[in-house]
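Asks: Need the 3D shape of this:
(chains A and B)
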Amino acid sequence: MILLAVVGLLGGVLGAMVGLGGGVFIIPVLSLFLDVPIHAAISASLLAVVATSTTGSIGYMREGLTNFRLGLTMETALTLGALSGGLVGAVLSRGVLSAIFGVVMMAAAVYMGLGRRSAPEIPEEGDSLGVLGARYHDAHQGIDIRYRVRRLPLGMFLGYVAGNVSGLLGVGGGFMTVPSMRLLMAVPMRAAVGTSSMMLGATGCAGAAVYFARGLVDPGVAVPVVLGVAVGAFVGSRVAVRIKSSILVTVLAVVLFFLSVQMILAAAGITLR
Amino acid sequence: MSEERGTEDPVSNEDRRLRRGLSLVLLVGLCAAVGLLLVGAVLTLVRPDVGVPGDISLSDMPRSVAALEPAGFFTLGFLVLLATPVSLVAAMMVTLLRGERRDRLFSGLALLVLLVIAASAYLGLRG
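Replies: So this is what the prediction gives:
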């Protein structure tokens, strides 16, 4: 029970810090190392994604890091992707999907980690930020950051794919939305984390509701994980607004790299145990 | 936190109110969900004779809560947790539509998200 809560706590800290739901960490740890049946692990993970998103978003909204309009726009693609996930799942095997996303994630991790951090172009004061652009106060640097959203159609397409994968793998999809916003859409890291955090709750909710209504939630697993996640996400979201953006990028790059290795190994039928 | 911190562009009181209102929706939902789960956890400790089933049932929840069984509080806690992000999107839809800018586009997107979530849950339940 305590071990499950610790797993949730770590997943919550990590997830909230970099805008992930934490599912990509929680599912493998529960199923590979703690012998939790896969359905119980996925249902606990989806509930944890909702808890991470909710807890993290409270802090990010108050700090003004959440871009509501961008979040809503991306959320339509994410939820539509989750809705059609079953169709893609019927066409592509889970192994093929894992391999594809493992390679994409590894490329994103290397790209983010090795310096090409795609510093967003900062609009001049007075320039229009467009319908989806926003600004926020960077507490670490003590300055206002303004940004304009680029390549929305590409970002929405990747959001659709992220939603698709999240339904299949039982995760929130933040492992794709944060790098997409950061690398392709010119959204600064803190805003990408805050906006992604808000989006994941609704995506995770649809998946979790199905497991819940079908009686596949094991409270002995889900309760300690969710309580641990709530505490962890509270801590993670507060840490995230006080440290350098570059540290967040590095943490995300390292997490993505390990996840990509895990996904590629899983696609090859190799488990880390 | 000063009023100017983290303001979406263009700066407006409406955005500040939106942020405060929506974070309050999340805070209330989260506190209620965590509180119910904690009550269930405490009941598990003080009533070890009742036990917790391996899965939880929606139909049995009202009776279980009335009987002060842990499973009932766990079920209710998870329900409140799942309702929280849905409430957030619903609150965004209403707030954006009723705001000074009458933001029909984003209000419509919020409605679309709610419909897709409902369709996902419905199709998922049908198997």
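Asks: Same question for the least confident helix or strand in chain B by mean pLDDT: list its buried residues.
Replies: Ranked by mean pLDDT, DSSP states H and E, the helix or strand of chain B with the weakest confidence is helix B:104-126, at a mean of 85. Burial within helix B:104-126, assessed by neighbour count using 16 or more other C-beta atoms under 10 Å in any protein chain shown, is assigned to B:106-107, B:109-114, B:116-117, B:120-121, B:124. Any C-beta I mention is one placed from the backbone N, CA and C, and that applies to glycine too.
Asks: what mean pLDDT would you report for stretch A:150-160?
Replies: Per-residue confidence for stretch A:150-160 averages out to 90 on the pLDDT scale.
Asks: Do a quick rundown of the helices in chain A.
Replies: With DSSP state H as the criterion, chain A has helices at A:2-18, A:23-28, A:38-62, A:68-83, A:85-91, A:94-113, A:152-169, A:174-179, A:189-213, A:219-240, A:245-267.
Asks: which of the buried residues of helix B:104-126 come close to chain A?
Replies: B:106, B:109, B:110, B:112, B:113, B:116, B:117, B:120, B:121, B:124 (C-beta under 8 Å from any C-beta of the partner chain).
Asks: circling back to that earlier point, of the helices of chain A, give the one that comes closest to residue B:37.
Replies: Evaluated over the helices of chain A, closeness to residue B:37 peaks at helix A:219-240, with 5.5 Å, by C-beta to C-beta.
Asks: Let me know whether that closest one sits next to chain B.
Replies: Yes: for a cut-off given as C-beta under 8 Å from any C-beta, helix A:219-240 has contacts with chain B, namely A:219, A:220, A:222, A:223, A:226, A:227, A:230.
Asks: could I get that helix in PDB with only the CA atoms?
Replies: Below are the C-alpha coordinates for helix A:219-240, written out as PDB (Å, rounded to 0.1, in the frame of the first residue of the first chain):
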ATOM      1  CA  PRO A 219      -9.400   0.300  -5.100                       C
ATOM      2  CA  GLY A 220      -6.600  -1.500  -3.300                       C
ATOM      3  CA  VAL A 221      -4.300  -0.200  -6.100                       C
ATOM      4  CA  ALA A 222      -6.000   2.900  -7.300                       C
ATOM      5  CA  VAL A 223      -6.600   4.700  -4.000                       C
ATOM      6  CA  PRO A 224      -3.000   4.800  -2.700                       C
ATOM      7  CA  VAL A 225      -1.800   5.700  -6.200                       C
ATOM      8  CA  VAL A 226      -4.300   8.500  -6.600                       C
ATOM      9  CA  LEU A 227      -3.600   9.900  -3.100                       C
ATOM     10  CA  GLY A 228       0.200   9.700  -3.700                       C
ATOM     11  CA  VAL A 229      -0.200  11.400  -7.100                       C
ATOM     12  CA  ALA A 230      -2.300  14.200  -5.600                       C
ATOM     13  CA  VAL A 231       0.500  15.000  -3.100                       C
ATOM     14  CA  GLY A 232       3.200  14.600  -5.700                       C
ATOM     15  CA  ALA A 233       1.600  16.800  -8.300                       C
ATOM     16  CA  PHE A 234       1.100  19.500  -5.700                       C
ATOM     17  CA  VAL A 235       4.800  19.500  -5.000                       C
ATOM     18  CA  GLY A 236       5.800  19.100  -8.700                       C
ATOM     19  CA  SER A 237       3.700  22.000  -9.900                       C
ATOM     20  CA  ARG A 238       5.200  24.300  -7.300                       C
ATOM     21  CA  VAL A 239       8.700  23.300  -8.000                       C
ATOM     22  CA  ALA A 240       8.200  23.700 -11.700                       C
END
